[in-house]
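Asker: Curious how this folds, go ahead:
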Amino acid sequence: MRFGIASIFSFRPHVEHLAYLAAVLEGGGHEIHGFTCDAALSHCYSRDLRGRARVTHCAGCVIGGIRSFAVPRLWSVNRRLRSSLDERRLARLTVSSIATRYRTESGADLEIPDLRAAQQQLYGPMEVIYGNAKRWIGERKLDAVLLFNGRMDLTAALAAACEDCRIPYVSVERSWFGHGLLLNPDQNCLGLREIKRMSLEFRDAPLLADQARYAGRIAADRFRQRNTLEWRLYNMNSESGAWPGPAGSTRVAILPSSKNEVEGHPDYQSHWSDHTEPMELLLRKLHLDPTWCVLRCHPNWSERVGLNTGWRSERLYSEWGRKLGMTVIPSSERVNTYALIEQADLVVVNASSTGVEAGLRGKPVVGIGHAPYEDAGFSVHIQDDPDWGLLDELKRHDPERSIRRTLRYLYTYGRRFTQFEDYVRAHTTLRYEYLRGADPSRLVRMCENRRLEPDDPASGTDDESETSIVQLVRRGDWDTLGKWERPRIQARTLQVRRRFGLRWVDGVRSILPRGDL
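Answerer: Next up is the predicted model:
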C-alpha cells in the first residue's frame, strides 16, 4: 500500500511517533510519502496559540518537524495551490482551534468579534492545506494517510481532504497513560466511536490476573500522584482536609472540566450552550439542595496554555455556583480533588477523567454530556432531555460493581483501545523507546476495515481473577497495587532518530515548554 505520513505542527513527541509508524510500514514493504508545511502559511493554531512572530516560530517548526526525520518523498506545501471550502464547513473545522486557543466555555464566547476575526484568519491557510492535500493524495495515488491529531485547523483540513478523496485516514496522538499510541481510524483524536464500542464490548468481560494488576497499577499511580507519563498532572502538592461545605444529607462534589477541549466535535454535541444549565436541572431532579454542593474549579483553569488561562470557565462556574449558594473552591487553591471524591456521596462531572477516579472509589457518578467512558457501565450520563430517566440507575448503584467496571475500562483504554502498547514505551512524556516486532498489517487492516482491533483481545471467564484487585482498590491499598511491574517483552530497539545533522534539536528543545504548555 501507499501510505501518506502527514505532520504539520512540530509538537513533541508526535512527529517522532509518525516517523516510527513510517518505519514500521516501510519494514512491511509499504511505500511512504511524507507531507509537511515548510512555513508556507500565514496563520496556524500552533503559532497563534503562543502569539509568536512567523519568522521565528516557523523556522523552529521546520527544524523540529518531520523533515528532520528520514521520512521519504516529502510533499512541501505550495501556498499558491488552494481549493475553496464552504464557509460553514470552514467555521466547523476551525472552531476547535479557536475554542482551545481562547479557552471558551459557552456558545456566547465563540461569538465575540475578536474570536470570530481570529477564526476567519485561519480560513485561507485551511484552503491551502486542503488543496495541497487533495493534490498530494491524487498525484501520489495514496491508499491511506496517517496524520497527527486531526482536530486542530490544519490537521482538520488534512482529514477533510482524505474524506473528500474517499480514502481512509488515521489520526495519531500520544496515549493517555504514556505507553502505546492513540490511533483513531476516520476520526480525529477526540473521536468516541471506537472507545465506546470497545468499552461496551468488554465492560462485562472479566479481567485476567495480570490484566487486573495492570489496571490496579494505573489506579494506584493516579491516587499516589505518580502518573508522571500523563501529559498534565494535577493535585500535585495539594492539601487534604475535611469536607469544605455544609454537612447536608447528601454531599455532592461538582468537578467540571473545560468544554472548549471538545468544542465543535460531533461526538460531544448537545443542545446546551454550557453545562451549568443541565447541572442545575440535575440537582432539581434529584431534590438536592445546592448548598450541599462543593464546586471545585478545575486546577487547569489557573494555568496558562499558550497566552490564556481558563478564566472564562472559572468565571462562568464560580458565578453560577455562588448564585445558588454552593461552596466554590477556586482553581488556584491547593484543595485535593481526590479527598473531595472520597468524602462525597455523589460526584458530578462533564467528560473529565475525574469520573474515572470517582468510579474507582465506588462513588455514584453522573456525567453531563458525552465522555469516553460513557458506555463503560460505571456512570450515568445525561446528554439530552430524554436522558433524565437514566437517573433511576442511581438507586441500583453497587460500589463493588462500579470499581470492577472502572478497572475493566482502564484496561480497555490502556491495552485494547491504545495500540502498539508493547512496542512504544514512554520513559518520560517526551522521550520514548521503540521496540522491534510491531505488526504493520495491523495498520493495514485498520485502514481497510476503518476500525480498531483490540491490542489485547483476551479476557477471563469469571470474576475470580480480578476480585482480589477489586478489594485492594476498594480499600485504597495503593502501595500494594503500585508494586506490580508489567513484564517487558524481549525485543531489540528500533532506532527512530532525527537526521544526523539535526540531532542537537531535541537537546535544545528539552529545555523549552512542550506542546501547548
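Asker: what ranges do the strands span in this structure?
Answerer: 2-6, 31-36, 75-76, 144-148, 169-174, 181-185, 252-255, 293-296, 327-329, 346-349, 365-368, 380-382, 424-426, 432-434 (DSSP state E).
Asker: What's the separation between the residue nearest the centre of the chain and residue 215?
Answerer: By CA atoms, centre = their mean, the mean C-alpha position of the chain lies nearest to residue 190, the distance being 6.1 Å. Going from residue 190 to residue 215 by CB to CB, to the nearest Å gives 23 Å. All C-beta spots, glycine's among them, are computed from the backbone N, C-alpha and C.
Asker: Save the strands of the chain as CSV, and put in mean neighbour count, distance to residue 89 and mean pLDDT too.
Answerer: Shown next, in CSV, are the strands of the chain (neighbours: other CB atoms under 10 Å; distance: least, CB to CB, whole Å; pLDDT from 0 to 100):
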stretch, mean neighbour count, distance to residue 89, mean pLDDT
strand 2-6, 26, 19, 98
strand 31-36, 22, 21, 98
strand 75-76, 16, 23, 96
strand 144-148, 25, 18, 98
strand 169-174, 25, 17, 98
strand 181-185, 22, 20, 98
strand 252-255, 26, 35, 98
strand 293-296, 24, 37, 97
strand 327-329, 21, 39, 97
strand 346-349, 25, 32, 98
strand 365-368, 25, 28, 98
strand 380-382, 21, 29, 97
strand 424-426, 21, 34, 96
strand 432-434, 18, 35, 96
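Asker: which one of the ones you listed lies closest to residue 163?
Answerer: strand 169-174 (7.8 Å; CB to CB).
Asker: Quick one: residues in contact with that closest one.
Answerer: With contacts defined as CB atoms under 8 Å, 6 or more residues apart in numbering, strand 169-174 is touched by 13-14, 17-18, 21, 144-151, 155, 158-159, 162-163, 181-189, 191, 231, 426, 429, 443, 446-447.
Asker: Pairing partners for that strand, with directions?
Answerer: strand 144-148 (parallel), strand 181-185 (antiparallel) (DSSP bridges).
Asker: now the angle from the first one to strand 31-36?
Answerer: Which is strand 144-148. 40 degrees (axes from the mean of the first three to the mean of the last three CA atoms, to 10 degrees).
Asker: Which parts of the stretch 401-517 of the chain are helices?
Answerer: 440-449, 464-475, 478-481, 504-509 (DSSP state H, counting those that start in this stretch).
Asker: And for the stretch 51-200 of the chain?
Answerer: 54-64, 87-102, 113-120, 123-139, 153-165, 193-202.
Asker: and stretch 277-286, how far from the chain's centre?
Answerer: In terms of CA atoms, centre = their mean, to the nearest Å, the centre of stretch 277-286 is set 27 Å apart from its chain centre.
Asker: Could you give me the buried positions within that stretch?
Answerer: Across stretch 277-286, burial judged by 16 or more other CB atoms under 10 Å covers 278-279, 282-283.
Asker: Could you list which of these belong to helices?
Answerer: 278-279, 282-283 (DSSP state H).
Asker: Need the residues you listed in JSON lines (columns: distance to residue 290 and pLDDT).
Answerer: Output for these, formatted as JSON lines (distance: CB to CB, whole Å; pLDDT from 0 to 100):
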{"residue": "278", "distance to residue 290": "14", "pLDDT": "97"}
{"residue": "279", "distance to residue 290": "10", "pLDDT": "98"}
{"residue": "282", "distance to residue 290": "11", "pLDDT": "98"}
{"residue": "283", "distance to residue 290": "6", "pLDDT": "98"}
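Asker: Distance check, the closest residue to residue 459 other than its chain neighbours against residue 457.
Answerer: Sequence neighbours aside, residue 205 is the residue nearest to residue 459 in space, at 3.8 Å (criterion: CB to CB, 6 or more residues apart in numbering). According to CB to CB, residue 205 stands 10 Å off from residue 457.
Asker: Pick out whichever of the two has more residues nearby.
Answerer: residue 205 (17 against 12; other CB atoms under 10 Å).
Asker: Look up how far residue 2 lies from the residue lying closest to residue 78 once chain neighbours are set aside.
Answerer: Of all residues not flanking residue 78 in the chain, residue 132 sits nearest, at 6.2 Å (CB to CB, 6+ apart). Per CB to CB, residue 132 is found 17 Å from residue 2.
Asker: Then residue 467?
Answerer: Taking CB to CB, one finds residue 467 at 49 Å from residue 2.
Asker: Ends of stretch 68-78, what's the gap?
Answerer: In stretch 68-78, first residue to last residue: 19 Å (CA to CA, to the nearest Å).
Asker: got the buried residues of stretch 277-286 as a markdown table, with distance to residue 264 columns?
Answerer: Output for the buried residues of stretch 277-286, formatted as a markdown table (distance: CB to CB, whole Å):
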| residue | distance to residue 264 |
| --- | --- |
| 278 | 19 |
| 279 | 21 |
| 282 | 24 |
| 283 | 28 |
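Asker: of all the residues you listed, which comes closest to residue 86?
Answerer: residue 278 (31.6 Å).
Asker: Spit out the contact partners of the residue lying closest to the closest one once chain neighbours are set aside.
Answerer: Take residue 278 and drop its neighbours on the chain: the residue closest to it by CB to CB, 6+ apart is residue 368, 4.9 Å away. Neighbouring residues of residue 368 by CB under 8 Å, 6+ apart: 275, 278-279, 282, 348-350, 381-382.
Asker: Would you check which pair of those residues lies furthest apart?
Answerer: The two members of the contacts of residue 368 with the most space between them (CB to CB) are 279 and 381, at 13.0 Å.
Asker: Give me the spatial nearest neighbour of residue 165, chain neighbours excluded.
Answerer: residue 137 (4.7 Å).
Asker: list the contacts for the one you found?
Answerer: For residue 137, the contact set (CB under 8 Å, 6+ apart) comprises 4, 145, 161-162, 165, 167.
Asker: and if you look at residue 123?
Answerer: Residues in contact with residue 123, defined by CB under 8 Å, 6+ apart, are 85, 87, 90, 94.
Asker: Provide the contact partners of stretch 485-500 at residue level.
Answerer: Defining contact as CB under 8 Å, 6+ apart, one finds that stretch 485-500 is touched by 16, 19-20, 23-24, 68-70, 210, 213-214, 217, 422-423, 425, 432-437, 503, 505-506.
Asker: Can you say which of these are buried?
Answerer: Among the contacts of stretch 485-500, those scoring as buried are 16, 19-20, 23-24, 68-70, 213-214, 217, 422-423, 425, 432, 434-435, 505-506 (criterion: 16+ other CB under 10 Å).
Asker: what's the neighbour count on residue 223?
Answerer: Using other CB under 10 Å: residue 223 sits among 21 other residues.
Asker: ok, now residue 72?
Answerer: Based on other CB under 10 Å, the number of other residues close to residue 72 is 11.
Asker: and the gap between it and residue 409?
Answerer: Shown here: residue 72 relative to residue 409, a distance of 40 Å by CB to CB.
Asker: what does residue 243 give?
Answerer: Distance of residue 243 to residue 409, given as CB to CB: 27 Å.
Asker: cool, residue 438 as well?
Answerer: Taken as CB to CB, the span from residue 438 to residue 409 is 25 Å.
Asker: In terms of neighbours, single out the busier of the two.
Answerer: Neighbour comparison, residue 438 and residue 409: the larger count goes to residue 409, with 27 against 23 (by other CB under 10 Å).
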